[in-house]
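*Asks:* Could you work out the structure for the sequence below:
(4 chains, ligands or ions: 1)
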Amino acid sequence: MKTAVVIFPGSNCDQDVIHSVRDTLGCEVNAVWHREERLPEGTDLVILPGGFSYGDYLRSGAMAARSPVMGAVREHGGHGGLVLGICNGFQILTESRLLPGVLLPNKTLSFICRPCCLSVENTETPFTGLFEKGQVVQFPIAHGDGLFFLPADELEDLEKRGGAVFRYVSPGGDGGDEWNPNGSVNSIAGIVNPEGNILGLMPHPERASEAILGGEDGRLFWRSVASFLEKGGRRHGLQ
Amino acid sequence: MLRHVHVFVQLKEGVLDIQGKTVANSLVSLGHDSLGSAKVGKYIQLWIEADSAAGARKEAEQMCDDLLVNPIIEQYRIEVEGE
Amino acid sequence: MLRHVHVFVQLKEGVLDIQGKTVANSLVSLGHDSLGSAKVGKYIQLWIEADSAAGARKEAEQMCDDLLVNPIIEQYRIEVEGE
Amino acid sequence: MDFSKYGIRKEEFAAAEAALGREPNECELRILGVMWSEHCSYKSTKHLLKHFPTRGPKVILGPGENAGIVDLGDGLGAAFKAESHNHPSAVAPYQGAATGVGGIIRDILALGARPVASMDGLFFGDPEHPRTGHLSAGIVKGVGDYGNAVGVPTVGGKTAYDSCYNENPLLNAFCIGLVELDKIVSSQTARPGQLVVLLGSKTGRDGIAGAAFASVELSEDAKESRPSIQIGDPFAEKMLIEACLELKEKNLIVSMQDMGAAGITSSSSEVAAKSGVGMKLHFDRVPLRAEDMEPWEIALSESQERMLLIVEPKNIDEVCSVARKWELDCAVIGETEEGDDYSIFFHGEKVASLPATLIGDGCPPIHWPAEKPADFEKRWNFDLDGLPVPGDWNQALLSLLGTPSMAPKHWISEQYDSMVQLNTVRGPGHPVSVLRVKGKESLIALVLDADPWKCGLDPFSGGAETVARTVRALSVAGAEPLGLTDCLNFPSPEVPGQYWALEECIKGMAAACVALGCPVVSGNVSLYNETKSGAILPTPVVGTVGLIPSPDDYLLSGAWEEGDVLFFVGP
Ligand SMILES: Nc1ncnc2c1ncn2[C@@H]1O[C@H](COP(=O)(O)OP(=O)(O)O)[C@@H](O)[C@H]1O
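*Replies:* The predicted model follows:
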């Protein structure tokens, strides 16, 4: 599998993601500067990493969503190629309308960095195939604008189609406001588009991929993608 | 001629305004009981080179659509000086 | 009577406007060459219970001093509807 | 000539006049006024700092550069330093703290090191005091917003509360970076015939004379007298970090210096003096943000997110193209030459001409009188027996643990990204913070600590204890201490009892450093931390760095199991 990690001015988890994917899968990972208008030939997965692109000024992700490279990302996703946005990358995906909704300031109005428990709600995506439905995993969050918001009617659509892939829960898998760190609607931590090939999530799987850093649940996430592609999840398009 | 354009951005009705709520709570707890509610938005000023005020308005609208405003949650109002 | 008060907060002259600078660069790179410069501030709306518009203004000024505005770097302007 | 309005004392004016053979002009006086302020010149403490041991088998670079460097083995070094930003944080907590973090990161960057972790020392007033909530919230948010956005994890720190900090909170920022020992960039290697380059943000009227401001007591009207405050732009800083490291990798920099207090003048004259070259600067070429700036304003502006580079003329185009990639301004503002003359030109006129060495080293030192306070030993007379015996010891312990100084600091540390860069093995909330170094076996252990109360009661023992505590914390975690940095936060040295406490504290710290084999590799002094309502306690803050040979040697605190045997070790 071939991965491209886009670097925007102000990205700061780009090297982390590159390290984590390489370390887990040993696959080829290319860094792509935001001014590029093309992705490397044969890219299977594009990752928009976390950070503070353009300082999060105006609205987080707003300016990065208008970068030249996003045309290529849109095209890649439009043909069924895999796109993953983590944290600021998720914000960029909503700002570019590749995913619905918006990420508003946390309900605490402050930045929150801490490990969080998530339940995997949909295992039918290219990113979650190796998890069990309802499995509780621990990925850390680190964001100021992570409150996922969607108008009520669209939210219903999203839920109906299984678009909510990750939800904040207790270590035992229970829902409830006290386990929802940022106030996201329906405790949503990550969503996928109707076609299933574009995923955005606020928590950081790359920060949970090594035992020495406190957890390895994230490795299953990377392996899921690799296994999807190996099992004939088409290189440049879904079935 | 460089024209001064004011853009007022506010959250749409129905969008969670946590900042507004928090500001209102803080003000009330500081003793401002007369406050009913508060809303927090953005005030963007643009200086645009344009022949006419109408031209500046059009350009500003374009900028709002291109970048300044997220229509999913926000709405805006524009004032052009001298219009 | 509940009065609608608009507060426009902007950075003082000479204070570095990191948002305005970045927004302006971004707009220009999106092709808006006519843009001279941009400034980003806050637009706060308050609904205040007051007998008169002047009373609402006074109360709003107090709220600005107490919480809404950081006088070291910001300045503000108030408009009261019906004043 | 009324030199006092420039913050210059009589002896200092005389020294300048003698060195120049003429009266300094106004621009020169303004420059000297700031460069010879306590904050920049260390005129009251330079001789005291000589007590510190600064050499050791692991010390690659001791005090004198932008930060110290210790040897991690395998050709890798750790550059680290702590710096205070107390006065700005007292007046504008959010911006003061943010720019404090930005400043220390640039200190580390100046050595060519990639900043990998930060810690912060926070000293707030009585939690019940009306201003404490506002000040502490602003400072914490400032530290977090800046560090989070630039992508340097804040992995630990120290927070204490005492009414002595009510009006004068302290913000000390610590940063550590990694650098290959054969790629360290120095501020002392400029040669004649090279270009002086300004990289980063435009120069505005921010924080002019901020260094001088940090060298006096905070006055009532500090708010009004405050010149336009410095605003931190972490986005620009992130670009600056990447640009500088790319320039270093490409071998395009001869010498580098961060721009902190006293801006262009401080950084450029320091490079000139330490390298032994002269310098001609052309202020018309400085990219400006404000109109009609006077040359002295350009000289002393503390606009953030700027670096000074010395570049070979043949490399300048490539340097500019790296700057463009990272969307930064880059301007050649002068050149180096033979000699010691540091001159500034503006609109074709020479507006200042001073020996570079005079600016940095010419300020006559001040030896303030020291006097042990008469009631000193009396302060120790504490009648333990007079204390009421708690009825419920459990309750007493719980309420003690609930006091803000002792309670867990999650509300602070969770506002900081402590994990970015994927090196944090142990983050905030542990006695020491631990980082791994990718591709290496060994771990880095860090700790930041202070004990102002003990220093107030007995500055010598308190100073020694502060150092010992950090070293002890490292040993207990299985780390060998490599070196330490310190921030000496004290009140005015002009009060004999306070100066005495400063001197004793330093001597105590030095004694512990010698005894424990842990040298001082960098540090910072912040004096005049007092207001009308009183002086702060002597508050030396120490940040110590150690090495754990391998993950197996790391002793995790609290990893106990039922049946384990407890030992008490010590006198
Ligand atoms: N308390 C101290 N202990 C040891 N070294 C110190 C101390 N204070 C200052 N120094 C050293 O003096 C030099 C100048 O310090 P400082 O002015 O704080 O640096 P900068 O110019 O980067 O702000 C540095 O090399 C610093 O390490």
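*Asks:* use CA for all of it now, contacts and neighbours both
*Replies:* OK.
*Asks:* Show me which residues of chain B are close to chain C?
*Replies:* Applying the criterion Cα under 8 Å from any Cα of the partner chain, the portion of chain B that neighbours chain C consists of B:2, B:8-10, B:27, B:32, B:34-50, B:59, B:63, B:67.
*Asks:* what does chain D give?
*Replies:* Chain D has residues D:92, D:204-206, D:223, D:228-231, D:233, D:290 near chain C, with proximity defined as Cα under 8 Å from any Cα.
*Asks:* Among those, show me the least confident.
*Replies:* Taking pLDDT as the measure, the residues of chain D next to chain C have their low point at D:Lys223 (45).
*Asks:* anything in the least confident helix or strand in chain B by mean pLDDT near chain A?
*Replies:* Of all the helices and strands that make up chain B, the one with the lowest confidence by mean pLDDT, DSSP states H and E is helix B:18-29; it has a mean of 94. Yes. Using Cα under 8 Å from any Cα, helix B:18-29 reaches chain A at B:18-19.
*Asks:* Which residues of chain B lie near chain A?
*Replies:* B:14-15, B:18-19, B:67-68, B:70, B:72-73.
*Asks:* Oh, that last question was meant for the stretch 1-150 of chain D, not what I typed.
*Replies:* If contacts are counted using Cα under 8 Å from any Cα, the residues of the stretch 1-150 of chain D sitting beside chain A are D:141, D:144-145, D:149-150.
*Asks:* Three-state assignment for D:Ala352, please.
*Replies:* Classification of D:Ala352 by DSSP: H, G, I helix; E, B strand; the rest coil places it in strand.
*Asks:* pLDDT at it, what is it?
*Replies:* For D:Ala352, the model assigns a pLDDT of 95.
*Asks:* Give me the below-cutoff pLDDT ranges for the chain.
*Replies:* If you meant another chain, say so; for now it's chain A. When the per-residue scores of chain A are filtered using pLDDT under 70, the ranges that remain are A:234-239.
*Asks:* switch to chain B, that's the one I care about
*Replies:* Per-residue confidence of chain B (counting by pLDDT under 70) places no residue in a weak region.
*Asks:* let's see 90
*Replies:* Filtered on pLDDT under 90, chain B yields the residue ranges B:14, B:16, B:82-83.
*Asks:* ditto for the stretch 351-500 of chain D
*Replies:* Of all residues in the stretch 351-500 of chain D, those with pLDDT under 90 make up the ranges D:360-361, D:375-388, D:405-406.
*Asks:* how about the residue of chain A at minimum distance from chain B, what does it touch?
*Replies:* Using Cα to the nearest Cα, A:Lys107 is the residue of chain A that sits closest to chain B, at 6.4 Å. If you count contacts by Cα atoms under 8 Å, 6 or more residues apart in numbering or on different chains, A:Lys107 has them with A:147, A:182-183, B:18.
*Asks:* Let me know the closest of those residues to chain C.
*Replies:* B:Ile18 (13.1 Å).
*Asks:* For A:Asn182, see how far away that closest one is.
*Replies:* When Cα to Cα, to the nearest Å is the yardstick, B:Ile18 and A:Asn182 sit 11 Å from each other.
*Asks:* Between those two, which is the more surrounded one?
*Replies:* Taking B:Ile18 and A:Asn182 together and counting by other Cα atoms under 10 Å in any protein chain shown, A:Asn182 has the greater number of neighbours (28 against 18).
*Asks:* Grab the nearest non-local neighbour of that one.
*Replies:* Nearest residue to A:Asn182 in three dimensions, chain neighbours excluded: A:Asn106, at 4.5 Å (Cα to Cα, 6 or more residues apart in numbering or on different chains).
*Asks:* now do D:Arg289
*Replies:* Nearest-residue entry for D:Arg289: D:Gly204, 4.9 Å, with adjacent residues in sequence omitted and distances by Cα to Cα, 6+ apart.
*Asks:* Report the contact partners of that neighbour.
*Replies:* Remark: with contacts taken as Cα under 8 Å, 6+ apart, D:Gly204 is in contact with C:14, C:16, D:288-290, D:298, D:301-303.
*Asks:* Quick one, which of these are buried?
*Replies:* Among the contacts of D:Gly204, those scoring as buried are C:16, D:288-289, D:298, D:301-303 (criterion: 16 or more other Cα atoms under 10 Å in any protein chain shown).
*Asks:* for these, which one is nearest chain A?
*Replies:* Proximity to chain A was ranked across these by Cα to the nearest Cα; first place goes to C:Leu16, at 13.6 Å.
*Asks:* helix, strand or coil for the closest one?
*Replies:* coil.
*Asks:* Around the closest residue to it other than its chain neighbours, count how many other residues there are.
*Replies:* Beyond its immediate neighbours in the sequence, the residue positioned closest to C:Leu16 (Cα to Cα, 6+ apart) is D:Ile231, lying 6.1 Å away. A count of neighbours around D:Ile231, defined by other Cα under 10 Å, yields 23.
*Asks:* Near the residue in the stretch 151-300 of chain D that chain A sits nearest to, how many other residues are there?
*Replies:* Distances between the stretch 151-300 of chain D and chain A by Cα to the nearest Cα are smallest at D:Phe235, namely 4.7 Å. Look at D:Phe235: counted by other Cα under 10 Å, it has 25 neighbours.
*Asks:* these two touch, right, it and D:Gly147?
*Replies:* No. Contact status for D:Phe235 versus D:Gly147: not in contact, 10.4 Å apart, counting by Cα atoms under 8 Å.
*Asks:* What parts of chain D come near chain A?
*Replies:* Residues of chain D lying close to chain A by Cα under 8 Å from any Cα are D:141, D:144-145, D:149-151, D:233-235, D:238-239, D:326, D:413-426.
*Asks:* again, only using 7 Å
*Replies:* Contact residues (Cα under 7 Å from any Cα of the partner chain) of chain D with chain A: D:149, D:151, D:234-235, D:238-239, D:414-417, D:420-422, D:424-425.
*Asks:* and the longest strand for chain B?
*Replies:* Longest among the strand segments of chain B by residue count, using DSSP state E, is strand B:35-49.
*Asks:* Check which helices and strands that strand is in contact with.
*Replies:* Contacts of strand B:35-49 with other secondary structure elements, assessed using 3 or more Cα pairs under 7 Å, 6 or more residues apart in numbering or on different chains; DSSP states H and E, are made with strand B:2-11, helix B:18-29, strand C:35-49.
*Asks:* element containing B:Gln75, please.
*Replies:* strand B:74-80 (DSSP states H and E).
*Asks:* Please verify my assumption that the residue of the stretch 151-300 of chain D closest to chain A contacts A:Gly10.
*Replies:* Yes. Proximity of D:Phe235 to A:Gly10 meets the contact threshold set by Cα atoms under 7 Å, at 6.0 Å.
*Asks:* if I look at those two, which residues touch both of them?
*Replies:* Common neighbours of D:Phe235 and A:Gly10, using Cα atoms under 7 Å, 6 or more residues apart in numbering or on different chains, are A:54-55.
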